[in-house]
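Visitor: quick one, fold the following:
(4 chains)
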Protein chains: 4
Amino acid sequence: MIIVLKRDATQDDIDHVVEKIKVTGLAVHISKGKERTIIGVIGDEALLSSIPLEALPGVENVMPILKPYKLVSREFRKENTVIEVRGVRIGDAEVQVIAGPCSVESRDSLIECARQVQASGARILRGGAFKPRTSPYDFQGLGVDGLKFLSEARKATGMPIVSELMDPRDTETFAEYVDIIQIGARNMQNFRLLTEVGKAKKPVLLKRGLSATIKEFLMSAEYIAAQGNSRIILCERGIRTFETSTRNTLDLSAVPVLKEETHLPVFVDPSHSAGRWALVAPLARAAVAVGADGLMIEVHPDPENALCDGAQSLKPSKFAALMDELRKVAAAVGRSC
Amino acid sequence: MIIVLKRDATQDDIDHVVEKIKVTGLAVHISKGKERTIIGVIGDEALLSSIPLEALPGVENVMPILKPYKLVSREFRKENTVIEVRGVRIGDAEVQVIAGPCSVESRDSLIECARQVQASGARILRGGAFKPRTSPYDFQGLGVDGLKFLSEARKATGMPIVSELMDPRDTETFAEYVDIIQIGARNMQNFRLLTEVGKAKKPVLLKRGLSATIKEFLMSAEYIAAQGNSRIILCERGIRTFETSTRNTLDLSAVPVLKEETHLPVFVDPSHSAGRWALVAPLARAAVAVGADGLMIEVHPDPENALCDGAQSLKPSKFAALMDELRKVAAAVGRSC
Amino acid sequence: MIIVLKRDATQDDIDHVVEKIKVTGLAVHISKGKERTIIGVIGDEALLSSIPLEALPGVENVMPILKPYKLVSREFRKENTVIEVRGVRIGDAEVQVIAGPCSVESRDSLIECARQVQASGARILRGGAFKPRTSPYDFQGLGVDGLKFLSEARKATGMPIVSELMDPRDTETFAEYVDIIQIGARNMQNFRLLTEVGKAKKPVLLKRGLSATIKEFLMSAEYIAAQGNSRIILCERGIRTFETSTRNTLDLSAVPVLKEETHLPVFVDPSHSAGRWALVAPLARAAVAVGADGLMIEVHPDPENALCDGAQSLKPSKFAALMDELRKVAAAVGRSC
Amino acid sequence: MIIVLKRDATQDDIDHVVEKIKVTGLAVHISKGKERTIIGVIGDEALLSSIPLEALPGVENVMPILKPYKLVSREFRKENTVIEVRGVRIGDAEVQVIAGPCSVESRDSLIECARQVQASGARILRGGAFKPRTSPYDFQGLGVDGLKFLSEARKATGMPIVSELMDPRDTETFAEYVDIIQIGARNMQNFRLLTEVGKAKKPVLLKRGLSATIKEFLMSAEYIAAQGNSRIILCERGIRTFETSTRNTLDLSAVPVLKEETHLPVFVDPSHSAGRWALVAPLARAAVAVGADGLMIEVHPDPENALCDGAQSLKPSKFAALMDELRKVAAAVGRSC
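Guide: Modelled structure (predicted):
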């Protein structure tokens, strides 16, 4: 931690800051320049988290040196984490594609959709059972029935399944039915939910919040890891900006930044960020080219009659064509798909 | 709803859109211009929510005419909602100030703080018992003990109390102890939590999410109201922008916009948006001048030793001075404080 | 400057960074902690601006200690700069209001408007002669004729006049006609234009760019000051965010932050940020309450027939009512208006 | 144009709006629903641009139907515009790479750099002669000498050259020396400069402003086209968001959106958005995969000693390796590079 003092800070101000820090047992190094005095603190910065250093008299600025996340950091673990789920290796050389409908609507349509996306090369099935809808008057999902249909689709196809958990009270039910528990963007800082899935010992797919910095995204992963569960897949899904021609702005730069900062696999969801299907294919290709470990794509047998997010869902035939394109791009960057 | 077709939309495209809409029972009006054909839909737009109109062939743009929120809208109820809590009238002529520490730390310090802020003119006591902290390694609050200390402070001072609920499993406990249940910015779209507090029949203080539009903010209030609970206080607390000299950017324009759109009381929290105490006073004055119905301000008897957010907490003496200023500004805009 | 090295930086990396810095003649202080090595550089950081320290091997992060602006900083000059223009003192105890039409439309309507706003208490007249319009097909202003009409309005009323300069080729003409040269938000980083007005020795009203940080805003002021002209008025006019219910988001927190950082007067333009007249009055009141030294408000005798920005222009009667309100708020915060 | 009236709009309000519109000669269609009255205006919406419809009594919302840009729109011209510069075809099947140093530093180093990037496959040479620097104290470029060195490098290699114009007074000089005139992000809405390059009859490379929407970006291109010059290359270079781990957020979704909306070629600059060289390669690959027609990349023979933006410049050897990667990705998406 570096503490920069104001130009007119007094010796009393400096002594007061130093005293505050010394209570924590940390060592201090003072450097008096012509323009500013700087206090360097050596050691575990977390010990300082409860001291409002910025508010102490004479303090101009406080700059942390160390990163606030540990377990999920690349420093903590140099090699990539590979998560294996029913034989599918996530975070390895193969780019894995998760596909399926926004929400589970019926047993038969789900199994049909699962077979179609599997035939095209998807390895994991997605489907919403509990849906976070902006309006209380919109379709909220089938609930536990949705989870049951998903597990039937798994039985029919062998594909592992992922679905979004919204409520800590449903954690056990999810742990029973699904292979990967998804935490949605709106719950990225629902710390109680993060703690619960941390305890659940199931792989977690954690979506980036709409206004979450990469640092905050990794801190939310740290919440899960701090409970002993490091099988976490990070998923970039677009951030909120001033641009309105797409629903959100897909931040593909986040992928190489995350690959530097963490050992966890990084996925991209081009469907939600774009908000309309015509943009899904180019963004999916770009995600593979930028280095994503996987994709999450909405596919619906009949988007016009989807109960949710039909505008951004691909038809199975378009998904099949996209998978062909993705295989070529993956090969071009030395991976498979 | 207005549906704008692409310039090259065919008659088949138009017929297809019309057919989709007619299934819902809504009436359609077609207007063919030189450049574009436009389809107007007359009636309840909610019926169209499950049709992905944007994805239909030939459709360029879909523009809703009606607002998606109803119960919380000014159209639904013209006069201001006034919420009375233990004799304090919220949303009326008097600007109400909620004050207290970021987190409850001990019984005695809380009661001391409550007495101090009450003496200066605060009418409601705040204090965090369960704290949403970005880092899993930071102080997480005293939990139920915090709620108990709050209710003791209420007993000692007569002030109603407000505290933040993070987990639907704690709703009953909160309903038992607190007078107003706070939903924090990070949980503004935690729809399960909104549904629970909607059922709880306690006044709710709902904070705006960091990247929530005003429309989304009102939709979250609608979630609560849809359960039968319309005693909702909205609280602007800063949004996330590119500017880093303040923690968040306080969107004071939101106050008059909300007062136009909704009958609910609108508060402002200048402490969290600013992130440092020196900015709290000018922003609090501006909030009263812009038309806020109340303020929420962090006060701590000893900010340097606060376990949480000390940098943005006012000392009781500074809070007393601020209340004097606010009384003058409130009078200047025809209110009291 | 503080340079943080990566955990695995080698001694060669450290030596290389040190060598680079020493070439500039600056002194270096190395601090080796358990987790990180840190290099502190003592002295004028501007000397390092051409060294890409972030790109050197082993470097993780580079943190400047000093501020990049000098002449405009509060450190350079502790007391407030007061700019006197034809007897009007800007930056002093009186909150000064600039008012007038978005664009000058005719000699007579301008003089009429000037007399009306002056009668209500405005001290400076605004009016656009050259208009920066988003569309090439919109009204672009009367040009030099507009400047001539402004100077006639000054003659008629005695009010100093301000108008926006868009092209360095027009600088001399502006210096001849107007009292204060305005640089618009879209030209805040038009560095050639800044250099020209720096040479022009006329007071400058510099508007904050839509996506400019406060630091960049001050750097643009520094461009002007570096040419020897420190008579600069800063004007917050809204920043671009995700929120669409107002045209821009007025960043009122910027006012107290700027008052800390710089000795220059700080104004607020509530008309452009709001985009509609009904929000102008509450935002103007808030701007005075937050500590602005002045306001810039669009007034038009007949907004419905204005050639530009009619939606955000106040009628003279509404402006008169607003001035009454502002006088009360100014008095409440110890100023006049 | 669709005009939505407030629920409580009176017949007088409706009549007043209709009267205003009829003055322009446009036809009006009124639709009275249960909840709202809607007025549709048929014909050229530009005629309405000077009427502040939003401010008329009873008006709730005004929604344009047509796009404000014409000449640059895909509707105006269905086939892609291909711009040929000294034999290099821009906007055609081949993805064209512009490379070179941030700023021209000397004749010899520039020619050396030009030869290196040409050998690796770049087809156009970039180099800054006039530099827009945030600080007035930073290196501002060699000026006309820089342009002369660029033209010597063109003579030596045959590569067409591009350089940034900042001042309308320099337009003729640029037209004389360079093949493509660049307008930088900070000048995207410098309308006088746009008008000048519109008249200059040279191809223009127009960078997107940091906070410009795609619509505004296209309106700036329209300014140039309105002067008779449609040889415009659009360049996405990152937008300003809350994320700070990259200098700007590269908005790759903008590429397919622009390809839908306009017939102009679309380039991507991964160097400026990323701000550090390690991110340039993945983002360049993604740009090709998403459908960009070309790239603009900073290359410097010795980044550590670059006078400008060394942190984001690639060494020639890394650039050569990147070109190999880009050729593979281009082939995977059916293009060459």
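Visitor: residues in contact with residue A:193?
Guide: A:165-168, A:183, A:187 (CB atoms under 8 Å, 6 or more residues apart in numbering or on different chains). From N, CA and C alone the C-beta is placed, and that goes for glycine too.
Visitor: let's see if you can find the most crowded of those residues.
Guide: In terms of neighbours by other CB atoms under 10 Å in any protein chain shown, the contacts of residue A:193 top out with residue A:187 at 29 neighbours.
Visitor: which residue, other than its chain neighbours, is closest to that one?
Guide: Nearest non-adjacent residue to residue A:187, counting by CB to CB, 6 or more residues apart in numbering or on different chains: residue A:193, 5.4 Å away.
Visitor: what ranges do the strands span in the stretch 151-300 of chain A?
Guide: A:161-164, A:180-183, A:204-207, A:232-236, A:266-268, A:294-298 (DSSP state E, counting those that start in this stretch).
Visitor: picking up where we left off before, redo the contacts of residue A:193 as JSON lines? Include pLDDT.
Guide: Shown next, in JSON lines, are the contacts of residue A:193 (pLDDT from 0 to 100):
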{"residue": "A:165", "pLDDT": "97"}
{"residue": "A:166", "pLDDT": "96"}
{"residue": "A:167", "pLDDT": "95"}
{"residue": "A:168", "pLDDT": "96"}
{"residue": "A:183", "pLDDT": "98"}
{"residue": "A:187", "pLDDT": "97"}
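Visitor: tell me what the longest helix seen in chain A is packed against?
Guide: If you go by DSSP state H, chain A has its longest helix at helix A:316-332. In terms of contacts (3 or more CB pairs under 8 Å, 6 or more residues apart in numbering or on different chains; DSSP states H and E), helix A:316-332 is packed against strand A:96-100, helix A:107-120, helix A:280-290, strand A:294-298, helix D:316-332.
Visitor: how about 6 Å then?
Guide: Contact here means 3 or more CB pairs under 6 Å, 6 or more residues apart in numbering or on different chains; DSSP states H and E; on that basis helix A:316-332 packs against helix A:107-120, helix A:280-290, helix D:316-332.
Visitor: point out the most buried one among those.
Guide: Stretch with highest mean neighbour count among the helices and strands packed on helix A:316-332: helix A:280-290 (a mean of 28; mean count of other CB atoms under 10 Å in any protein chain shown).
Visitor: domain ranges for chain A, per the record?
Guide: Per the record, chain A has its domains at A:2-63, A:83-332, by automatic domain parsing.
Visitor: so which of those domains has the densest surroundings on average?
Guide: Neighbour counts (mean count of other CB under 10 Å) averaged over each of these peak at domain A:83-332, with a mean of 22.
Visitor: that one: end-to-end distance?
Guide: One end of domain A:83-332 sits 24 Å from the other (CA to CA, to the nearest Å).
Visitor: rewinding a little: got the helices and strands packed on helix A:316-332 as CSV, with mean pLDDT columns?
Guide: As requested, the helices and strands packed on helix A:316-332 are exported to CSV (pLDDT from 0 to 100):
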stretch, mean pLDDT
helix A:107-120, 96
helix A:280-290, 98
helix D:316-332, 97
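Visitor: up against chain C, what does chain A have?
Guide: Within chain A, the positions lying close to chain C (CB under 6 Å from any CB of the partner chain) are A:2, A:4, A:7, A:29, A:31, A:33, A:35-36, A:40, A:42, A:63, A:65-66, A:75, A:240, A:242.
Visitor: could you identify the most distant pair in the residues you listed?
Guide: Within the residues of chain A next to chain C, two members stand farthest from each other by CB to CB: A:29 and A:242, at 42.8 Å.
Visitor: wait, residue A:199 sits on residue A:227?
Guide: Yes: the criterion here is CB atoms under 6 Å, and residue A:199 meets it with residue A:227 at 5.0 Å.
Visitor: what's the mean pLDDT across stretch A:6-14?
Guide: If you average the pLDDT over stretch A:6-14, you get 92.
Visitor: I am finished for the moment; much appreciated.
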